[in-house]
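Trainee: sequence first, predicted coordinates after that:
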Protein chains: 2
Amino acid sequence: MPRAGLSRRDVIAAAAELADEVGFQQLTMGLLAQRLGIRTPSLYKHVTDLADLKHGVATQAMIEVGEEVRDAVAGRSGRDALTALLGTIRSYAMTHPGQYAAANSTRLTGPDDPLLAASNRVIGSISAALRGYGIADADMVHAIRTIRSTIHGFALLQETDGFQWSADPADTFDWMTQFIDRGLKADR
Amino acid sequence: MPRAGLSRRDVIAAAAELADEVGFQQLTMGLLAQRLGIRTPSLYKHVTDLADLKHGVATQAMIEVGEEVRDAVAGRSGRDALTALLGTIRSYAMTHPGQYAAANSTRLTGPDDPLLAASNRVIGSISAALRGYGIADADMVHAIRTIRSTIHGFALLQETDGFQWSADPADTFDWMTQFIDRGLKADR
DNA sequence: CGGGAAAAGCTAATTAGATTAGCTTTATGG
DNA sequence: CCATAAAGCTAATCTAATTAGCTTTTCCCG
């Protein structure tokens, strides 16, 4: 019989796709093996265990978010940059719910975790997007964290609870973007 | 042999405590049974299954958050109310990480889910806390969602990725509170 | 007081998933 | 061509959830 000829990269990519379909929590070795047309134990030739697989998906996703955000923010500043930043992340979260969840709910394995490096690249782009606001150095950390919290919270709440209320989440997102933009512009 | 004499309430309370210790995801029937001094299958006399148990923990937690938030906000307004609101939720998230995660990551089972009712009570308190800011009705939904997103995101980021952050998260939290306070005060 | 049913436990057995051990087959570089 | 590492496979183990069916308390009611 022919051989699938898989690499670690292939396996993780398939897992990422599967995670988007069934949810990151529901990602299972059996399901993935089935998807790849191999038996479950064969997966262990490519990943150490389920934790490693999930960590790989998280890292890959964070790298991708980092690239998209970098490109979105490039050449823009101030409100434009902020809008592009937030929009890109939200869009990623909506089109890749499993991968987004992976990227943002996976614990770091240590100080040399590639997920940390990828994460830092995203933070770098956030930082770049804020450059035009003239935020004091001392406030930068807080501003970045506030923005991360906001987007992340929004993405999660929308996914879990869907915002029971009738209003369109997209409108809230725009409102929130404007809210942050004004807040960052305000004298401090 | 004597009987434990447990009720559903007891079981859920023990599960909540356990969730705070080992993490909501790691909450297991076996661990809980052990904690209660009974055999695993006996738990099924009190809860339908693991999902029911976790949902019960989530609901209980949301009810508790609702009460704490209601009390914290009572008799305050404007910035005072906002600070009390945010501080209370953050404090709950820090002292009861498992229960906080439960309350905010559990999907509703339907429109008559008691978790939804509990959730709405929390939202009611947020709404009350914002009363003093004179926010237009049309903006209220967005303001509430923005605040929920912010706190929730903050709590989750701190928990997941948390100590990567060099600066004190408490400082960021204060900064964020002030940021929101100013934003809500601003003319719109 | 006595009986009996419901409640609360228990043991045994099944099932799904993850993981490990050890064997087999395919590619492929020399 | 062939030795060998990589990529698969089957069989077996282990943990956790769940179900079935039996036993023992409780405790209400006559």
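Mentor: Everything's here; your move.
Trainee: any part of the least confident helix or strand in chain A by mean pLDDT near chain B?
Mentor: Lowest mean confidence among the helices and strands of chain A (mean pLDDT, DSSP states H and E): helix A:137-160, at a mean of 94. Yes: for helix A:137-160, a contact with chain B is found by Cβ under 8 Å from any Cβ of the partner chain, at A:139, A:141-143, A:145-146, A:148-154, A:156-157, A:160. Every residue, glycine included, has its C-beta placed from N, CA and C.
Trainee: so where's chain A shaky on pLDDT?
Mentor: Residue ranges of chain A with pLDDT under 70: A:1-4, A:162, A:165, A:187-188.
Trainee: can you pull the contacts of the closest residue to A:I63 other than its chain neighbours?
Mentor: Nearest residue to A:I63 in three dimensions, chain neighbours excluded: A:A118, at 4.6 Å (Cβ to Cβ, 6 or more residues apart in numbering or on different chains). By Cβ atoms under 8 Å, 6 or more residues apart in numbering or on different chains, the contact list for A:A118 reads A:T59, A:M62, A:I63, A:V65, A:G66.
Trainee: what segments of chain A are helices?
Mentor: Using DSSP state H, the helices of chain A run over residues A:8-22, A:29-36, A:50-73, A:78-95, A:97-105, A:114-130, A:137-160, A:169-185.
Trainee: any idea which of the ones you listed is most buried?
Mentor: Across these, averaging neighbours per residue (mean count of other Cβ atoms under 10 Å in any protein chain shown) puts helix A:97-105 on top, at a mean of 23.
Trainee: same for that helix, what does it pack against?
Mentor: In terms of contacts (3 or more Cβ pairs under 8 Å, 6 or more residues apart in numbering or on different chains; DSSP states H and E), helix A:97-105 is packed against helix A:8-22, helix A:50-73, helix A:78-95, helix A:137-160, helix B:137-160.
Trainee: just the CA coordinates of that helix, formatted as CSV?
Mentor: C-alpha atoms of helix A:97-105 as CSV (Å, rounded to 0.1, in the frame of the first residue of the first chain):
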residue,chain,number,x,y,z
PRO,A,97,-11.8,29.7,15.8
GLY,A,98,-9.9,26.6,16.7
GLN,A,99,-6.5,28.0,15.9
TYR,A,100,-7.3,31.3,17.6
ALA,A,101,-8.3,29.4,20.8
ALA,A,102,-5.2,27.3,20.5
ALA,A,103,-2.9,30.3,20.2
ASN,A,104,-4.4,32.1,23.1
SER,A,105,-5.1,29.3,25.6
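Trainee: centre of the chain versus it, how much separation?
Mentor: 6 Å (Cα atoms, centre = their mean, to the nearest Å).
Trainee: identify the residues contacting that helix?
Mentor: By Cβ under 8 Å, 6+ apart, helix A:97-105 touches A:16, A:18-25, A:27, A:54, A:57-62, A:64-65, A:92-93, A:115, A:152, A:155, A:159, B:156-157, B:160.
Trainee: just want the most central residue of chain A.
Mentor: Residue closest to the average C-alpha location in chain A (Cα atoms, centre = their mean): A:Y100, at 4.0 Å.
Trainee: how far away is the residue nearest to A:I63 from A:G134?
Mentor: The gap separating A:A118 from A:G134 is 28 Å, by Cβ to Cβ, to the nearest Å.
Trainee: show me which residues of chain A sit near chain B.
Mentor: Neighbours of chain B within chain A, by Cβ under 8 Å from any Cβ: A:104-108, A:116, A:119, A:139, A:141-143, A:145-146, A:148-154, A:156-157, A:160-161, A:163-165, A:167, A:169, A:171-172, A:175-176, A:179-180, A:182-183, A:186.
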